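Q: what follows is a predicted structure for the sequence shown.
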Amino acid sequence: MIASTASTASTASTASTASTASTASTASTASTGRAAAAAPPGYRRSRPGVLRRLRGWTAITWFLVPALVLFGLFVLVPIVVAVYLSMFHWGGFGRPEDFVGTDNFRKVADDPVFRGDLWRGLVLIVLSLAIQLPFSLGTAVVLNQRLRGRAVYRMIFFAPFILSEVVTGVLFGMIFLPEDGMADHLVGDLPVLGDLAGKWFSDPGTVLPTIFLVMTWKYFGFHMMLYLAGLQGIPKELLEAAAIDGAGAWERFRHVTLPLLGPTIRISVFLSVIGSLQLFDLVWVISRGGPTHASETMAVSMFQFGFKRFQMGYASAISVVMFLISIVFSLLYQRFALRRDLQGAVTVRGGA
């Protein structure tokens with residue numbers, strides 16, 4: 001009897017639930033039908049996914065606009081203005097009116113001083129790639145080992161990069177001061193280097209190597225830190241496996257460390273070349289391009305013509321040539337040297 005009563009109650013409850021659900025479904029269907037009938041033809045309800053994407057693009061736009069405005073004001077606009085002024089013979093005062101077309105660029109191509117600037121820039125690039133970067137890499141390899149106080153050594157070697165170029169130029173101007181400078185006192189009694197005393201920045205044959213020495217002191221710490229970061233990203237398991245297989249220290253460095261350090265080395269080379277092409281501050285503070293243009297660079301020549309001789313049109317042409325050299329090198333280097341690194345850094349949606 002009790003079981004029969006329970007079964008009857010369960011049946012009644014099920015029927016009531018089904019009736020309620022059917023009524024709710026009918027009401028929902030009717031409401032949807034009324035809403036669809038009330039909507040105008042061609043109307044489509046916006047999906048939550050579309051709204052989320054719109055909000056995401058709005059946020060991205062708000063973040064990008066300030067950067068694009070600054071990039072346009074401080075990069076694109078000066079480039080356009082420099083190209084425009086390079087077409088005029090203009091002294092920097094008043095409106096440029098004496099249009100000369102490409103005469104300034106022909107003058108740049110025929111100027112032996114500017115060709116010398118190109119040659120000196122190439123010399124600095126070669127010296128940087130052959131001496132400065134290997135020295136930075138060797139220092140990074142040593143400081144990547146387990147040494148007592150290696151953090152202090154890293155700080156000491158990186159400290160010169162923190163100093164401004166003006167401070168560095170003034171400091172080495174005092175160090176290489178003729179007769180009273182520390183450099184003359186150090187090499188004065190040496191049999192080979194004694195002839196350099198008093199000639200560091202005053203002799204055309206020694207001024208460029210001396211400036212490169214100052215450049216190396218200033219910038220090698222930056223490249224050293226780049227190489228240290230790359231070395232610390234190499235898995236130690238690979239080096240241990242190579243050691244177990246019988247590879248010595250040189251074999252491990254040549255066949256394991258250098259290939260894995262390739263992306264860092266390529267970035268370091270790129271920064272070193274661009275920096276040598278655009279070198280200005282150190283040269284201007286130390287030697288102002290002298291003596292007799294022996295240490296002059298393209299940037300120093302541009303400054304001399306623009307702000308010393310008031311030939312802004314010709315100086316603008318030099319700046320355009322510098323920009324073209326830099327951008328062509330950057331594009332070619334990206335195409336042939338950084339191509340594999342950039343491809344490895346790109347993640348394709350839906351790809352493996």
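A: Looks like it arrived, so ask away.

Q: who's in contact with stretch 193-211?
A: For stretch 193-211, contacts defined as CB atoms under 8 Å, 6 or more residues apart in numbering pick out 120, 123-124, 173, 176, 178-179, 181, 183-184, 187-188, 282-283, 286-287, 290-292, 294-295. (Glycine included, C-beta is placed from N, CA and C.)

Q: quick check, distance from stretch 173-186 to the centre of its chain.
A: Chain-centre distance of stretch 173-186: 35 Å, with CA atoms, centre = their mean, to the nearest Å.

Q: span of it from start to end?
A: Using CA to CA, to the nearest Å, the span of stretch 173-186 from its first residue to its last is 15 Å.

Q: stretch 92-109 too?
A: With CA to CA as the measure, stretch 92-109 spans 22 Å from end to end.

Q: which parts of that stretch are buried?
A: The neighbour-count check on stretch 92-109 (16 or more other CB atoms under 10 Å) flags 96, 100, 103, 104, 105, 107, 108 as buried.

Q: quick one: contacts for residue 298?
A: Counting by CB under 8 Å, 6+ apart, residue 298 touches 114, 117, 118, 121, 277, 278, 318, 321, 322.

Q: next: residue 232.
A: Per CB under 8 Å, 6+ apart, neighbours of residue 232: residue 144.

Q: ok, it to residue 260 distance?
A: 11 Å (CB to CB, to the nearest Å).

Q: and if you look at residue 249?
A: Residue 249 is 16 Å from residue 260, by CB to CB.

Q: can you check residue 217 too?
A: Relative to residue 260, residue 217 is positioned 29 Å away (CB to CB).

Q: what does residue 133 give?
A: The spacing between residue 133 and residue 260, counted by CB to CB, is 17 Å.

Q: the two - which one has more neighbours?
A: Taking neighbours as other CB atoms under 10 Å, residue 133 and residue 260 compare with residue 133 leading, 22 against 16.

Q: ok, back up a step: now list the buried members of the contacts of stretch 193-211.
A: Of the contacts of stretch 193-211, these count as buried by 16+ other CB under 10 Å: 120, 124, 173, 176, 181, 183-184, 282-283, 286-287, 290, 294-295.

Q: quick check: phi and psi on residue 88?
A: phi -130, psi 150 (degrees, to the nearest 10).

Q: show me what contacts it?
A: By CB under 8 Å, 6+ apart, the contact set of residue 88 is 96, 97, 98, 99, 100, 313.

Q: name the nearest residue to it, ignoring sequence neighbours.
A: With sequence-adjacent residues excluded and distances taken as CB to CB, 6 or more residues apart in numbering, residue 88 is closest to residue 96, at 3.8 Å.

Q: with secondary structure, distance to residue 306 and pLDDT added, can I get the buried ones among the contacts of stretch 193-211 in a markdown table?
A: Shown next, in a markdown table, are the buried ones among the contacts of stretch 193-211 (DSSP: H, G, I helix; E, B strand; the rest coil; distance: CB to CB, whole Å; pLDDT from 0 to 100):
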| residue | secondary structure | distance to residue 306 | pLDDT |
| --- | --- | --- | --- |
| 120 | helix | 19 | 95 |
| 124 | helix | 22 | 95 |
| 173 | helix | 24 | 91 |
| 176 | coil | 28 | 91 |
| 181 | coil | 32 | 86 |
| 183 | helix | 33 | 89 |
| 184 | helix | 35 | 86 |
| 282 | helix | 19 | 93 |
| 283 | helix | 16 | 94 |
| 286 | helix | 20 | 93 |
| 287 | coil | 19 | 92 |
| 290 | coil | 18 | 87 |
| 294 | coil | 21 | 93 |
| 295 | coil | 19 | 93 |
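
Q: contact partners for residue 257?
A: 141, 231, 234, 239 are the contacts of residue 257 under CB under 8 Å, 6+ apart.

Q: so which of the contacts of residue 298 is surrounded by the most neighbours?
A: Neighbour counts for the contacts of residue 298 (other CB under 10 Å) peak at residue 318, which has 27 neighbours.

Q: for the helix or strand it falls within, which residues meet the burial criterion?
A: Per DSSP states H and E, residue 318 falls inside helix 312-336. Buried residues in helix 312-336, counted by 16+ other CB under 10 Å: 312-322, 325, 333.

Q: between those, which sits nearest residue 156?
A: The shortest gap between residue 156 and any of the buried residues of helix 312-336 belongs to residue 333, at 31.8 Å (CB to CB).

Q: hmm, back to that, report the rounded mean pLDDT for the helix holding residue 318.
A: For helix 312-336, the mean pLDDT works out to 94.

Q: same question, stretch 68-79
A: For stretch 68-79, mean pLDDT is 93.

Q: before we move on, back to that, which among the contacts of residue 257 count as buried?
A: 141, 231, 239.

Q: show me the residues you listed that map onto helices.
A: Using DSSP state H, 141, 231, 239 are the members of the buried ones among the contacts of residue 257 that sit in helices.

Q: what's the closest of the residues you listed to residue 77?
A: When those are compared for distance to residue 77 (CB to CB), residue 231 wins out at 40.9 Å.
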